Each structure stands twice: as C-alpha cells, then as structure tokens.
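>>> Sharing a model that was predicted from the sequence below.
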Amino acid sequence: MTHTDVTMVRIYLTEGDRLLDRLLEHLHDREQVMGVTVFRGTAGFGRSGKVHGQSLVDIAFDLPLVVEFFDAPERVEAVLDHIGGWFGPGHIVQWSARVNA
Amino acid sequence: MTHTDVTMVRIYLTEGDRLLDRLLEHLHDREQVMGVTVFRGTAGFGRSGKVHGQSLVDIAFDLPLVVEFFDAPERVEAVLDHIGGWFGPGHIVQWSARVNA
Amino acid sequence: MTHTDVTMVRIYLTEGDRLLDRLLEHLHDREQVMGVTVFRGTAGFGRSGKVHGQSLVDIAFDLPLVVEFFDAPERVEAVLDHIGGWFGPGHIVQWSARVNA
C-alpha cells in the first residue's frame, strides 16, 4: 500500500457555538478539503471546566461536536490560517498521519 | 506506566458502502486485531465533495462511519495489505501511537 | 497560527465497565485537563475478541465508549500515572499532537 503524508485535524465545538454549519460550508465550498466528518460527543468539558452533556450536568442543548478532516500538510496549514481566528485557543488539534494513495 | 508502540488506523466509510459488516467480521475473525470501535458521524463529505448527512443536504441513509483500530505496527501493516484494496484512495488514515502495556 | 505541544489520549471503555462517571469526575475535579469529550461507538470488540454492540451480536447494554482528552505532555503523563491502574492493558492510547495557542 502506498501512502501520502497528511495532517489530521480535530476541531472541538459545542452545539451552542452555532459555528458548525458555517465551518462545514467553508471547508466544503471554499477549501474543498479531502475528507470531513462530524462527530457528536455524548458529554465533555472544555478549558473553562464547564461541563457539556448529560453525564454530570443536564445541558443537552450544548453537546460537544468534533469536526475532523485531513489533507496534505500545506493545504491544512492554509485552511487553518483562514479559519483559526474563528476559535479560541485549545480548540484545534492537529498531528501528522498517512493516508492510502 | 509502560507502553507498547502501536499504529492507529481510522477507515472512513459511509453506510451506503455496505462494507461495515464484512470489514468487522474480517478484523474480528481473520485478523483478530486488538481493539476495534465503530463510530457514526452525523455529517460529512468525501473527496468527491458529495455531502453525507443531514447538515447540508438531507441524505440520512448515507451517513459517515469510521472504523478505528490499533495494533502492533507490523500487524497493522499486514492487515492493511489484506484489506487495502477494498477501499479507494483517501479512506485509510494511520499514525504512530503508544498503548498502555 | 501558533501552537503548543500536547499529548492526545483516547481511553477505551464499555458501558458495562461503569467507569465513565468516575473517570469524568476525576478528570474534571482533580486533574482539570484542558479538553475532555466522550464518544459512544456503535459497535466494537476488545482484545478478548468479545463483540460489543449491535452489528455482530446484540449486546446493546455494553456499547463501546471513548473518553478523549489532551493536555501538555507532562500533565498527561501525571494524569495517566494516577488513573492508569484503573484500566487493563491495551485500553489507553496516546500520541503527540499540537493545539492552537
């Protein structure tokens, strides 16, 4: 199996941020990144320590969301330069990976 | 805590691929990999730019699925040699990690 | 975009372990890690080969759970020293990543 280097990205939102649709549209229409998947967490908390989800506190309307995508490292760098300002510190995680070519 | 090196793998499918059961049976019965988990995304799109999920377009029957597993690097390499041909390019992402031993 | 090095962690549980609440409370109250999200898998199996979930065998009460978090490498190392003993081998995966600062 041959591979291509990619950067994996996971962006952490909550439903309350109301950023999901804007982010998906941007990644799809403007950036055309290779693969984007949205996952819904069932509980979570952020840097603030505020709990989202039903496990510790019942805040069902503010569940965590993760938008995951990957693409060539230089493309991801460009994408994150465009959208980085939409998110506070600690919300965008990235690491190096390989994808089947 | 002592660790063992592993390769993490995420394989991106959609429900419409109808590959999930075959893949799980293969990983379980033939390959006996260490840990396999299936996650269902709530929206997504692939290289084609075709949107899966309800966020942008209502295609509920073709939601994204991710099959995640990890095992020793040489075992993962063998597994991906066996199953790599089942998937088009850009669907299998892997990276190096460590697991508690 | 500036970055900080982090360690990403994924801990694999099942609902039947009944460890989730204890783990979340610990990570939230004691460790105060940066970001924790819980994901529910729809199927999976562990090292035992025992299948969890509805895809191969109908064990809906024992679905897989993943607790994901990230923080500075030295903080994660301390956290895993505290909680590592709660889990058998092969349940805690970690790798190096970067987060927006």
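Received it, and whenever you're ready, just let me know what you need.
>>> Isn't residue A:19 up against residue A:26?
No: using CB atoms under 8 Å, residue A:19 is not in contact with residue A:26; the gap is 9.8 Å. Backbone N, C-alpha and C define where each C-beta goes, glycine included.
>>> So for the two, which residue has more residues nearby?
Neighbour totals were compared for residue A:19 and residue A:26, and residue A:19 leads with 19 against 16 (other CB atoms under 10 Å in any protein chain shown).
>>> Regarding chain A, what is its longest strand?
With secondary structure taken from DSSP state E, chain A has its longest strand at strand A:3-14.
>>> Just checking: what are the partner strands of it?
strand A:64-71 (antiparallel), strand A:92-100 (antiparallel) (DSSP bridges).
>>> Give me whichever of the ones you listed is most buried.
Using mean count of other CB atoms under 10 Å in any protein chain shown, the stretch among these with the greatest mean number of neighbours is strand A:64-71 (a mean of 24).
>>> so where's chain A uncertain?
Low-confidence segments of chain A, defined by pLDDT under 70: A:47-61.
>>> let's see it at 50
Within chain A, the ranges that satisfy pLDDT under 50 run A:56-60.
>>> Up against chain B, what does it have?
Contacts of chain A with chain B, taken as CB under 8 Å from any CB of the partner chain, map to A:1, A:3, A:6, A:8, A:20-21, A:24-25, A:28, A:32, A:34-40, A:70, A:95-101.
>>> hang on, the earlier thing: make CSV from the strands paired with strand A:3-14 and add distance to residue B:12 to it.
Below are these laid out as CSV (distance: least, CB to CB, whole Å):
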stretch, distance to residue B:12
strand A:64-71, 9
strand A:92-100, 9
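>>> shouldn't residue A:38 be in contact with residue B:39?
No: counting by CB under 8 Å, residue A:38 stays clear of residue B:39, with 10.9 Å between them.
>>> what about the helix or strand hosting residue A:37, near chain C?
Counting by DSSP states H and E, the element that carries residue A:37 is strand A:35-40. Yes: residues of strand A:35-40 are located near chain C by CB under 8 Å from any CB, namely residue A:39.
>>> got it, and stretch A:84-91?
Yes: judged by CB under 8 Å from any CB, stretch A:84-91 comes into contact with chain C through A:84, A:87, A:89-91.
>>> Going by contacts, tell me the helices and strands next to the one helix or strand residue A:74 maps to.
Element membership for residue A:74 (DSSP H and E) is helix A:73-83. Contact here means 3 or more CB pairs under 8 Å, 6 or more residues apart in numbering or on different chains; DSSP states H and E; on that basis helix A:73-83 packs against strand A:3-14, strand A:64-71, strand A:92-100.
>>> now the second one and strand B:35-40, what's the angle there?
If you take axes from the mean of the first three to the mean of the last three CA atoms, to 10 degrees, strand A:64-71 sits at 100 degrees to strand B:35-40.
>>> tilt between strand A:64-71 and helix A:73-83?
Calculated by the same axes, to 10 degrees, strand A:64-71 forms an angle of 140 degrees with helix A:73-83.
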